[in-house]
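Engineer: Provided below for reference: sequence and predicted model.
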Amino acid sequence: MNHNQQQISTLINEVNRSVIGQQHVVRSLVIGLLTNGHVLLEGLPGTAKTRSVKSLANTLNASFGRIQFTPDLLPSDVTGTEVYQEQQGTHQLRFQPGPIFNSIILADEVNRAPAKVQAALLEAMAEGTVTVGDKTHCLPELFMVLATQNPIEQEGTYPLPEAQMDRFIMKVTVDFPEDDAELDIIRLVRQEEQLLSLSLGSDKQEHQSKVLDPAFILEARRELAEMEVSDVVERYIVGLVMATRKPARYEASALSRWIAIGASPRASIALDKCARAYGWINGRDFVLPDDVRAVASSVLGHRLTLSYDALADGISHQQIVTELLDHVVIG
């Protein structure tokens with residue numbers, strides 16, 4: 001394990017200290033960071049979605065911007081706007097950057113705003129730029145959108161369109177914690193209250209988490225590009241994606257009855273990137289088929305359009321990916 005891999009391991013451990021029982025969420029956030037992608041977190045309120053993102057930004061000492069999506073939000077509230085002002089006797093328009101101009105962006109409850117505001121994120125996520133008026137403004141080199149959404153069955157939600165969903169490299173479901181994790185959460189919050197009380201009573205804080213230099217993330221991305229991906233792994237990635245488009249090839253499965261529209265080529269690219277990141281996090285310089293399988297559900301699930309039969313039978317995206325993994329042969 002090289003220095004950058006050790007740094008990533010430290011980052012994961014530090015975030016896991018403040019986010020109990022959500023190790024898969026923390027790992028997915030780090031994979032998104034390494035692959036220069038964006039992550040969508042879906043779960044009920046109170047499942048530490050916001051806490052995970054803020055803890056990641058704090059540990060990396062990266063600039064953090066939070067956008068609380070509401071039905072009355074305007075696109076300019078996200079991207080920024082041009083302000084008319086007088087300076088040294090001349091009148092001019094000056095661009096006032098919005099919260100999108102930070103390294104780590106928390107788009108909180110992204111499906112509670114209308115489609116026009118959701119679309120304001122699209123250029124930033126895809127191109128790393130924001131266009132206001134006739135000028136294009138570049139976002140930071142280290143840039144990631146971490147969006148949270150409530151399940152679409154809840155009142156007051158606007159489902160994200162397919163094109164917007166496809167922009168997220170991973171979608172992660174955040175569930176309620178188990179018994180032991182719930183107990184640890186209570187103790188952790190109590191401990192934080194005690195530390196806060198101590199810090200208020202003294203000039204210095206007794207406890208502080210490790211803070212890492214975010215520059216190593218950019219170095220790690222260069223190492224990911226050098227990961228060895230065998231022909232077997234490449235064909236397995238293609239096989240999984242093609243099975244979503246041509247499910248009739250697998251007559252023994254229910255895929256053709258469950259999938260209405262398969263995954264786009266972005267799914268193949270995302271599977272390759274995330275599998276490389278997963279293998280790299282685990283201290284290797286090559287990718288195994290198991291790395292692909294480990295990230296398949298988060299990468300493929302939200303890119304599939306379910307058929308009416310699947311919806312009527314209550315079939316989830318995760319069940320379809322499991323069916324894919326059971327029927328597509330490695331090699």
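Structural biologist: Perfect, thanks for sending it.

Engineer: residues contacting residue 306?
Structural biologist: Shown in contact with residue 306 (CB atoms under 8 Å, 6 or more residues apart in numbering): 258, 259, 260, 315, 317, 320. Just so you know, the C-beta spots here come from the backbone N, C-alpha and C atoms, and that holds for glycine as well.

Engineer: Now the buried members of these.
Structural biologist: Neighbour-count burial (16 or more other CB atoms under 10 Å) is assigned, among these, to 258, 259, 315, 317, 320.

Engineer: Go through these and name the one nearest residue 185.
Structural biologist: residue 317 (27.7 Å; CB to CB).

Engineer: Excluding covalently adjacent residues, which one is nearest to the closest one?
Structural biologist: Leaving aside its sequence neighbours, residue 317 sits nearest to residue 301 (CB to CB, 6 or more residues apart in numbering; 3.6 Å).

Engineer: pLDDT score assigned to that neighbour?
Structural biologist: Here, the pLDDT recorded for residue 301 equals 92.

Engineer: Name the nearest residue to residue 103, sequence neighbours excluded.
Structural biologist: residue 62 (4.0 Å).

Engineer: Residue 115: how many residues sit nearby?
Structural biologist: 13 (other CB atoms under 10 Å).

Engineer: coming back round to it: in helices only, show me the buried ones among the contacts of residue 306.
Structural biologist: Judged by DSSP state H, the buried ones among the contacts of residue 306 include 258, 317, 320 as members of helices.

Engineer: Out of those, flag the one nearest to residue 56.
Structural biologist: Nearest to residue 56 among these, with distances taken as CB to CB, is residue 317, at 24.9 Å.

Engineer: Wait, a strand at residue 240?
Structural biologist: No. Counting by DSSP: H, G, I helix; E, B strand; the rest coil, residue 240 is not part of a strand but helix.

Engineer: Now that it has come up, it's in contact with residue 296, right?
Structural biologist: Yes. At 6.4 Å, residue 240 and residue 296 qualify as touching, with contact defined as CB atoms under 8 Å.

Engineer: intersection of neighbour lists for the two?
Structural biologist: 271, 324, 325.

Engineer: Grab the nearest non-local neighbour of the first one.
Structural biologist: Excluding its sequence neighbours, the residue lying closest to residue 271 (CB to CB, 6+ apart) is residue 237, at 4.7 Å.

Engineer: Could you report the neighbour count for the one you found?
Structural biologist: 24.

Engineer: check contacts around it.
Structural biologist: Per CB under 8 Å, 6+ apart, neighbours of residue 237: 268, 271, 272, 275, 292.

Engineer: which among those residues end up buried?
Structural biologist: Here, 16+ other CB under 10 Å leaves 268, 271, 272, 275, 292 buried among those.

Engineer: May I have the helix or strand encompassing the first one exported as CSV, CA atoms only?
Structural biologist: The one in question is residue 268. Secondary structure assignment for residue 268, by DSSP states H and E: helix 265-281. Output in CSV follows, covering the C-alpha atoms of helix 265-281 (Å, rounded to 0.1, in the frame of the first residue of the first chain):
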residue,chain,number,x,y,z
PRO,A,265,-22.5,3.9,-22.3
ARG,A,266,-22.0,6.1,-19.3
ALA,A,267,-22.7,3.0,-17.2
SER,A,268,-19.7,1.1,-18.8
ILE,A,269,-17.4,4.1,-18.2
ALA,A,270,-18.7,4.4,-14.6
LEU,A,271,-18.3,0.7,-13.9
ASP,A,272,-14.7,0.8,-15.1
LYS,A,273,-13.8,3.9,-13.1
CYS,A,274,-15.5,2.7,-9.9
ALA,A,275,-14.1,-0.8,-10.1
ARG,A,276,-10.6,0.7,-10.5
ALA,A,277,-11.2,3.0,-7.5
TYR,A,278,-12.5,0.0,-5.4
GLY,A,279,-9.4,-2.1,-6.2
TRP,A,280,-7.1,0.8,-5.5
ILE,A,281,-8.7,1.5,-2.2
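
Engineer: Determine the set of other helices and strands touching it.
Structural biologist: Judged by 3 or more CB pairs under 8 Å, 6 or more residues apart in numbering; DSSP states H and E, helix 265-281 is in contact with helix 3-18, helix 23-34, helix 215-224, helix 231-245, helix 289-300.
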